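J.: show me the folded form of this:
(one chain, ligands or ions: 2)
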Amino acid sequence: MAIDVVSAHDILNYVVTKPYCCKEEGKSDPMCAPNFIPEFDPVHRFSGHKCFNMTKPMTFQNLGCIENGTTPSRIDFSTTFFDLSNIYEFSAGSLNQVRSYEGGQLKYEVVNGRQFPSDASDNTTCFIKQAISTGCTRNVPNGILGSNLFTTWFWRFHNYVAQQLANLNPSWDDERLFYTARDIVVAFHLQIFYYEFLPEVLGKDHMIEDEIILCNSTGFRDIYDETVVPQIALEYAYASRWFHTIQYGAQKLFDKNFDFIKEVPMVSFTLSVQSLAVDDIMSTVTRGSYYQATGKGDSTVDPDITDVGLGPVQEIFDIPTADLAKGRYFGLPSYTKYRDFCSGYSKKHVDFDDLTDHISDEKIRQLKQVYETAEDIELMAGIWLENLKEGAHVPPTVHCLLSNQLKRSIIIDRHWYERPNRPHAFNYEQLQEIRKASLALLLCYVGDDVEKIQPKPFVIVGQGNNLVSCDEIPAIDFTYWKEES
Ligand code: HEM
Ligand SMILES: [Ca+2]
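T.: Ligands and ions are numbered 1, 2, ... in the order given. Predicted structure coming up:
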């Protein structure tokens, strides 16, 4: 499960284009997922006609700002930085909507004794507890299972931190508590993303070599460059779609002894955050999220990803087809051009034979059947067929395109948490506490009934990474944020 890359789903702003085939009558409101809990009935998802819709992102052409007939230029509603905008700005301008303006807290709703994100107000019908029967979840952060879990956890963590700060500093007002908590939570998230999650995916040695992380991750560092324009490459989100190929289709549920209960199609949770609020689903799914393994990077895709995709709201959605199609839609250059770029332009890739260092002969033969020349190969098709990079869990071109942005995201961020001279920077002791951030710690703080967890939850349980009690996970000492009176 990936943070921030997964949270891309919270900002997806695709519009559904004309369906290829669709039943006319009895179409439900697409934002109101039919409820499948508690039976988790995968069968009804396939009832009726099969209706496959393609999607289009919002573009400046749609708004008439750029002439039609030009390459579509996408409007992105999320911020350019890794600043947990899926929590704090999950739709543009929504920050004020999600603050409670008391004690620095974010608004929440309690269902079954559990805290869930909520921006619903009293006169809407979109509280999660209502959605359990109505299916309506228009007003809450609502995406795929992974992002719903992460949003919920970080939302709760914000409130946890704000409460710690309030206890230590009774004189702080809501404003100060809110912004100090946000700063800590964003840093905590970045520390997990860059120093815990990404090393498992990209390989720690590669990341050190590419200067994305520090070898000795204790001190400050500052690579901010105000002359670099803050931007996220289209290719970052695009190449990240490769992760759809390792998405495992089944979500396993475990009881408190980590005994397997059952498995549920992962996609059944898509756009159905309310399903997490039923019974003890949140606890059993949370355990599954760190106890079960991910899918394999072996050029095959789970059938639910190609047939169901969006879960209950559409009968069929083929995510890999959408992934390939978006490359054409955005007018991305040929795969060979990205190979040139990723070789630092030390090698030119023109013929099929130039691609053999990352793609097997058999797969080159398959490419030849589909594409007339090597320069016709699309980026997505190329990365689907690449072997995984040595010392990493992604193909080399995905590695290159992600690494490129991940480094730039530090360079462009004036508020990067490791900077000693940013406005309201952490002092050295506070930064040491932030360095303790880990997914295990997050789940021990705010996860549902998490009493035991492996120290490295992005890695499967095993020797050297066995389940331990939460008491053994190093915790943050918030007293470093107590203001001297
Ligand atoms: C159950 C699992 C998942 C489902 C159902 C799902 C579904 C989708 C769908 C429907 C889209 C939009 C496709 C389009 O219309 O073009 C999408 C986009 C995307 N997905 Fe997933 N996805 C899943 C898992 C993941 C994972 C694990 C990652 C990465 C770690 C990921 C990364 C992305 C990215 C980066 C995009 C493009 C976002 C953008 O351009 O705004 N997805 N996904
Ligand atoms: Ca952001």
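J.: now stretch 415-434: buried residues?
T.: Under the neighbour-count criterion of 16 or more other C-beta atoms under 10 Å, stretch 415-434 has 416-419, 422, 425-426, 430-431, 433-434 buried. Every C-beta, even on glycine, is put in place using the N, C-alpha and C of the backbone.
J.: err, stretch 250-263, not the other one
T.: 250-254.
J.: how about stretch 110-122?
T.: Those buried within stretch 110-122 under the rule 16+ other C-beta under 10 Å are 111-112, 114-120.
J.: any chance of the buried residues of stretch 250-263 in CSV, with distance to ligand 2 and secondary structure too?
T.: Output for these, formatted as CSV (distance: C-beta to the ion, whole Å; DSSP: H, G, I helix; E, B strand; the rest coil):
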residue, distance to ligand 2, secondary structure
A250, 30, strand
Q251, 26, strand
K252, 31, strand
L253, 31, strand
F254, 32, strand
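J.: mind listing what the closest residue to ligand 2 within the stretch 301-450 of the chain touches?
T.: Across the stretch 301-450 of the chain, the shortest distance to ligand 2 (C-beta to the ion) belongs to S409, at 9.4 Å. Applying C-beta atoms under 8 Å, 6 or more residues apart in numbering, we find S409 in contact with 81-82, 232.
J.: tally up the residues packed near C400, please.
T.: C400 sits with 21 neighbouring residues when counted by other C-beta atoms under 10 Å.
J.: just to revisit the earlier point, just say helix, strand or coil for the residue of the stretch 301-450 of the chain closest to ligand 2.
T.: Using DSSP: H, G, I helix; E, B strand; the rest coil, the secondary structure recorded for S409 is helix.
J.: repeat for C215
T.: On the three-state scheme (three-state DSSP), C215 is labelled coil.
J.: can you list the low-confidence ranges for the stretch 301-450 of the chain?
T.: Applying pLDDT under 70 to the predicted model, the residue ranges of the stretch 301-450 of the chain that meet it are 311-315.
J.: actually the stretch 1-150 of the chain, not the one I typed
T.: For the stretch 1-150 of the chain (pLDDT under 70), the answer is 1-53, 90-92, 120-126, 135-140.
J.: tell me the residues of it that contact ligand 2?
T.: 78-79, 83, 85 (C-beta under 5 Å from the ion).
J.: test my guess that T71 contacts F330.
T.: Yes - applying C-beta atoms under 8 Å as the test, T71 and F330 come out as touching, 7.0 Å apart.
J.: buried only: go through the residues of the stretch 1-150 of the chain next to ligand 2 for me.
T.: Among those, those that count as buried by neighbour count (16+ other C-beta under 10 Å) are 78-79, 83, 85.
J.: adding secondary structure and distance to ligand 1, write these out as a markdown table.
T.: Formatted as a markdown table, the entries for those read as follows, by DSSP: H, G, I helix; E, B strand; the rest coil; distance: C-beta to the nearest ligand atom, whole Å:
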| residue | secondary structure | distance to ligand 1 |
| --- | --- | --- |
| S78 | coil | 8 |
| T79 | coil | 13 |
| D83 | coil | 16 |
| S85 | helix | 13 |
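J.: pull the most distant pair out of those residues.
T.: Taking C-beta to C-beta as the measure, these reach their widest spread between S78 and D83, a distance of 9.3 Å.
J.: helices of the stretch 1-150 of the chain, start to end?
T.: Shown for the stretch 1-150 of the chain, the helices assigned by DSSP state H, counting those that start in this stretch span residues 85-88, 95-98, 128-134, 145-168.
J.: residues contacting T218?
T.: The neighbourhood of T218, defined by C-beta under 8 Å, 6+ apart, consists of 431-432, 435.
J.: quick one: it from E433, how far?
T.: Spatial separation of T218 from E433 under the definition C-beta to C-beta, to the nearest Å is 11 Å.
J.: swap in D174?
T.: With the distance defined as C-beta to C-beta, D174 ends up 23 Å from E433.
J.: then F243?
T.: As for F243, its distance to E433 is 31 Å (criterion: C-beta to C-beta).
J.: sorry, back to before: can you list the buried residues of stretch 415-434 in JSON lines and add distance to ligand 2?
T.: Formatted as JSON lines, the buried residues of stretch 415-434 follow (distance: C-beta to the ion, whole Å):
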{"residue": "W416", "distance to ligand 2": "13"}
{"residue": "Y417", "distance to ligand 2": "14"}
{"residue": "E418", "distance to ligand 2": "17"}
{"residue": "R419", "distance to ligand 2": "17"}
{"residue": "R422", "distance to ligand 2": "17"}
{"residue": "A425", "distance to ligand 2": "20"}
{"residue": "F426", "distance to ligand 2": "20"}
{"residue": "Q430", "distance to ligand 2": "23"}
{"residue": "L431", "distance to ligand 2": "22"}
{"residue": "E433", "distance to ligand 2": "24"}
{"residue": "I434", "distance to ligand 2": "19"}
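J.: looking at those, which are in helices?
T.: Cross-referencing the buried residues of stretch 415-434 with the helices (criterion: DSSP state H) gives 430-431, 433-434 as the overlap.
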